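J.: please work out how this folds:
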Amino acid sequence: MNTIPRMLILSLALILSSCAKDLLNKEAGNPTFSFDKKTHTLELKEGKTEISIKFSEPLTDKQNFKVFFKDIKGTHIEDYYTIPQQKDGHILLSAEKGATDVNFFVKRVNNIKSQGDKLIQFSLTKDSNTNMDLGENNKLDMNIVDKNALVGLSGMYFTTKIEGAHKHYSVYIDLSEGKVVKKIDGESWDLGFYCGEQFRVTLNQTKQVYATEANQTVLENYDESKVEDELYNIFSSYYTIGLEKSMDNNSGFIEQTKIPEIVADSETKNTYLIRISDNKQSYVSGNDGLIYKIKIVRDGDDYLLYYANLNDTKIKEVRIVKDPTKNLIHFSLSEEKILNQEPEKDKFDLIYTPFNNVIDFYNIKDVDLNIELPNTTYGTYFYNDYLLINNKSNVTAALVDHSFKTYDQFSGEHLGGIELKPEQYAVGSSWRNVPTPIKTKFIVVKDTENNYYKLRFLTLESVQGARGHITLDYELVKK
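T.: Now for the predicted structure:
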């Protein structure tokens with residue numbers, strides 16, 4: 001008779017105890033899993049590091065976990081591998097019943113070169129098959145550092161082709177930041193107004209802009225018959241003989257512009273005819289739609305530009321205000337607008353761009369016209385792949401051959417054996433032999449911050465053979 005009540009009491013006690021435990025678990029929440037820290041460092045010389053995921057309490061049964069990762073800063077994930085091995089962007093980990101943590105390793109490949117500081121971010125997500133919740137540290141930033149490295153980012157990729165157009169971007173590159181800072185339509189502007197102490201105007205050599213003196217003080221009634229023959233003297237799509245006299249000196253020195261320094265006297269004959277070509281087209285006399293007449297006058301610290309099409313009598317005027325943070329303020333004659341599009345003058349080192357250069361046509365035969373050109377004849381030649389340096393901000397460069405040192409061998413101690421040149425064409429086209437870069441040459445650049453880099457191009461085409469897909473490799477060799 002007394003047994004039944006005791007069993008009933010025991011059962012009720014167990015039920016109440018179980019309910020109390022469930023209620024307590026519900027209030028406390030599920031057990032959690034998270035990284036043991038928010039940041040982690042792998043010293044390059046050590047080569048291997050362990051990362052731990054901690055559990056808030058021992059596991060009651062076997063659990064699987066996924067760790068995802070992504071490259072944040074300059075990391076080539078193929079240069080590192082994980083144990084267990086990663087697959088499809090994640091690592092699968094398994095922990096047995098009773099475990100209080102689970103670990104994995106990150107290890108560098110044995111032959112990886114020093115490439116500067118890197119950052120990989122690992123993250124945890126809750127799986128639908130687990131009864132555990134994410135803890136506070138569900139992301140971990142792993143820094144991979146080389147305390148002895150001078151190197152910045154190790155590579156860069158960019159495209160130059162403007163989609164749907166038969167032209168290319170001008171690509172501005174900052175080596176210290178390791179990125180393309182700006183891409184602009186290389187043919188978007190015609191005149192560049194210098195923002196330094198001098199009052200100078202440059203011609204866009206990516207667009208093949210030419211100038212010749214008009215030799216008069218007014219523009220309204222300019223006589224078309226005075227147009228210089230040299231403005232029409234284009235022999236073929238690429239080769240132009242004699243036109244180097246109608247363009248800026250290809251050195252890029254601001255003192256050597258075709259248009260002399262701008263003065264304040266409006267009565268001087270500072271008028272010019274501007275011929276705008278098209279990279280792969282030939283024009284003949286009479287096509288005056290691409291010829292403008294201009295006059296430029298200094299007004300205090302500003303420029304005043306007067307302009308019109310060759311035969312127009314209505315002259316337009318625009319004021320160009322200098323921006324001390326820039327090298328140039330661009331102006332488009334066809335669009336009739338100021339284009340403040342160049343990056344700040346100390347924010348780029350290189351410009352990858354099409355370019356109209358001056359070359360010696362000695363003994364070159366013009367295959368288009370089947371004529372022999374005179375010996376020692378200079379002219380212009382248009383390049384689709386050309387590297388300019390920002391010499392207006394004191395960037396210098398040198399092309400180095402492997403006969404001196406290979407790219408891998410070259411270091412800061414070898415800088416005394418090369419001559420860095422200040423001309424904007426110091427590198428130019430000499431690094432490539434289309435369709436590939438020259439493997440036995442590389443480039444050394446001193447940037448706007450007086451850092452020294454070595455640089456080599458790896459591709460200028462895509463794997464499908466499309467032009468304008470550029471990959472380069474570079475390293476900082478001296479700060």
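
J.: in the stretch 301-450 of the chain, which ranges drop under the pLDDT threshold?
T.: Where the stretch 301-450 of the chain drops to pLDDT under 70, the residues are 361-376.

J.: that's a helix at residue 415, yeah?
T.: Yes. Assigned with DSSP: H, G, I helix; E, B strand; the rest coil, residue 415 falls within a helix.

J.: gap between it and residue 438?
T.: In this structure, residue 415 and residue 438 are 21 Å apart, going by Cβ to Cβ, to the nearest Å. Bear in mind the C-beta positions are built from the backbone N, C-alpha and C, glycine included.

J.: cool, and residue 359?
T.: As judged by Cβ to Cβ, residue 359 and residue 438 stand 18 Å apart.

J.: what do you get for residue 429?
T.: For residue 429, the distance to residue 438 - Cβ to Cβ - is 10 Å.

J.: now residue 318
T.: As judged by Cβ to Cβ, residue 318 and residue 438 stand 44 Å apart.

J.: got it, and residue 101?
T.: According to Cβ to Cβ, residue 101 stands 53 Å off from residue 438.

J.: cool, and residue 49?
T.: Residue 49 is 40 Å from residue 438, by Cβ to Cβ.

J.: over to residue 417?
T.: Taking Cβ to Cβ, one finds residue 417 at 20 Å from residue 438.

J.: who's more crowded, these two?
T.: residue 438 (15 against 11; other Cβ atoms under 10 Å).

J.: so the more buried one makes contact with residue 431?
T.: Yes. Here residue 438 reaches residue 431: they are 6.0 Å apart, a contact under Cβ atoms under 8 Å.

J.: and the nearest residue to residue 243 once chain neighbours are set aside, backbone torsions?
T.: Nearest residue to residue 243, sequence neighbours excluded (Cβ to Cβ, 6 or more residues apart in numbering): residue 380, at 5.1 Å. Here is the backbone geometry of residue 380 (degrees, to the nearest 10): phi -110, psi 150.

J.: verify the stated contact: residue 380 with residue 245.
T.: No. The pair residue 380 / residue 245 is not scored as a contact, 10.0 Å apart, by Cβ under 8 Å.

J.: what about those two, which has more around it?
T.: More crowded of residue 380 and residue 245, by other Cβ under 10 Å: residue 380, with 25 against 13.

J.: which residues touch that one?
T.: Counting by Cβ atoms under 8 Å, 6 or more residues apart in numbering, residue 380 touches 208, 239-240, 243-244, 247, 356-359.

J.: can you give me the helices in this structure?
T.: Using DSSP state H, the helices of the chain run over 3-28.

J.: okay, now the domains of it?
T.: According to automatic domain parsing, the chain is divided into the following domains: 32-145, 150-185+341-479, 189-340.

J.: so, low pLDDT: which residues of the stretch 151-300 of the chain?
T.: Those would be 151-155, 163-166, 221-241, 269, 277-289, if you go by pLDDT under 70 across the stretch 151-300 of the chain.

J.: please repeat the previous calculation with a cut-off of 90.
T.: For the stretch 151-300 of the chain, the stretches with pLDDT under 90 are 151-168, 176-179, 207-247, 264-292.

J.: burial check on the nearest residue to residue 425 once chain neighbours are set aside, number of neighbours?
T.: Counting by Cβ to Cβ, 6+ apart, residue 425 lies nearest to residue 250, which is 5.6 Å off, once chain neighbours are set aside. Using other Cβ under 10 Å, the number of residues around residue 250 comes to 20.

J.: ok, residue 315 touching residue 219?
T.: Yes. Counting by Cβ under 8 Å, residue 315 touches residue 219, with 5.3 Å between them.

J.: how much space between residue 428 and residue 192?
T.: Residue 428 sits 19 Å away from residue 192, taking Cβ to Cβ as the criterion.

J.: so these two - more neighbours on which side?
T.: Of the pair residue 428 and residue 192, residue 192 is the one with more neighbours under other Cβ under 10 Å, namely 23 against 20.

J.: which residues pair with the more buried one across the strands?
T.: Residue 192 has these beta-bridge partners by DSSP bridges: residue 202, residue 330.

J.: surely it touches residue 207?
T.: No. Taking contacts as Cβ under 8 Å, residue 192 lies outside contact range of residue 207: 10.9 Å.

J.: do a quick rundown of the strands in the stretch 101-250 of the chain.
T.: Using DSSP state E, counting those that start in this stretch, the strands found in the stretch 101-250 of the chain span residues 101-108, 118-124, 133-134, 139-145, 155-159, 169-174, 179-185, 191-194, 201-203, 209-213, 239-241.

J.: out of these, which is closest to residue 37?
T.: Among those, the nearest to residue 37 by Cβ to Cβ is strand 139-145 (6.9 Å).

J.: tell me which other helices or strands the closest one touches.
T.: Packing contacts for strand 139-145, counted by 3 or more Cβ pairs under 8 Å, 6 or more residues apart in numbering; DSSP states H and E, involve strand 39-43, strand 48-55, strand 118-124.
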